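using only what follows, build the 3D model:
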Amino acid sequence: MTAPRPPGVLFLCVANSARSQLAEGLARHLFGDAISAWSAGSAPSRPHPLALRALAELGIDASGQTSKPISAVDPAAIDLVVTLCAEEVCPAWLAPTRRLHWPLPDPAGGPNDAPEAARLERFRAVRDTLRERLTTLPSHLHKQDTP
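Residues are numbered from 1 along each chain as shown. Predicted coordinates:
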C-alpha cells in the first residue's frame with residue numbers, strides 16, 4: 001500500500017520568472033513535504049535573478065527552480081491552481097481543478113532603468129504579500145467542493 005501523495009499546488013503566471021517562482025519557493029519552504037508545489041507559465045522564460053535574491057534573503061535556496069511551460073505539469077498531480085496575474089491575461093488551466101486568483105503586479109514589469117535597490121524592493125513587496133497569503137493555503141486545500 002502506497003502512502004497518499006501530498007496535495008499539489010500549481011502557481012501560474014505568464015513568464016514563470018517572478019511571481020510564480022516566488023510562490024513556489026515560499027510554499028516549498030513554508031510547507032516542506034506537506035504540500036507539493038510547482039510553478040509554470042504560458043510563456044516561460046527563466047527565474048528572475050531578483051526573485052531568487054528576494055527568496056535568498058529569507059534563507060530560501062531556489063537556485064534549482066526552473067521556468068516551465070504549463071504543458072510540463074501533470075494535471076493529475078494538481079489539486080489547486082493559484083493564478084498570480086494582475087493586469088495581463090492569466091494563463092488558462094483546462095483541467096477540472098479548484099482555482100484561486102491572487103492578482104499581484106509583476107515585479108519585473110517596472111522600469112528597468114530604476115536603481116537595483118528599487119527593483120529589488122518590488123520583488124520584496126510581492127514576496128511578502130505572497131508569504132502572507134500562503135498562510136491560508138492549507139485551508140483552501142482542505143475545503144470541500146460544493147455544488
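
can you map out the strands along this structure?
In the chain, the strands defined using DSSP state E lie at 8-13, 36-41, 80-83, 98-101.

quick one, which of those strands is nearest to Thr66?
Among those, the nearest to Thr66 by CB to CB is strand 36-41 (9.2 Å). Backbone N, C-alpha and C define where each C-beta goes, glycine included.

in CSV: the strands of the chain, plus mean neighbour count, mean pLDDT and distance to Leu58.
Output for the strands of the chain, formatted as CSV (neighbours: other CB atoms under 10 Å; pLDDT from 0 to 100; distance: least, CB to CB, whole Å):
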stretch, mean neighbour count, mean pLDDT, distance to Leu58
strand 8-13, 26, 96, 17
strand 36-41, 24, 96, 15
strand 80-83, 23, 94, 19
strand 98-101, 14, 92, 22
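
so what's the residue count around Arg119?
Arg119 has 17 neighbouring residues, counting by other CB atoms under 10 Å.

please name the nearest non-neighbouring residue to it.
Leaving aside its chain neighbours, Arg119 sits nearest to Leu50 (6.0 Å; criterion: CB to CB, 6 or more residues apart in numbering).

need the contact list for that neighbour.
Going by CB atoms under 8 Å, 6 or more residues apart in numbering, Leu50 touches Ala18, Pro107, Ala108, Glu116, Arg119, Leu120, Phe123.

change it to 10 Å
Contact partners of Leu50, counting by CB atoms under 10 Å, 6 or more residues apart in numbering, are 17-18, 22, 107-108, 116, 119-124, 127.

what pLDDT does the model give it?
Per-residue confidence for Leu50 comes out at a pLDDT of 98.

for this protein, longest helix please?
Longest helix in the chain by number of residues (criterion: DSSP state H): helix 116-134.

for it, what is the distance to the chain centroid?
Between the centre of helix 116-134 and the centre of its chain there are 13 Å (CA atoms, centre = their mean, to the nearest Å).

what is the orientation angle of it with strand 36-41?
For helix 116-134 against strand 36-41, the angle by axes from the mean of the first three to the mean of the last three CA atoms, to 10 degrees is 130 degrees.

any weak-confidence spans in this protein?
Residue ranges of the chain with pLDDT under 70: 1, 87-89, 144-147.
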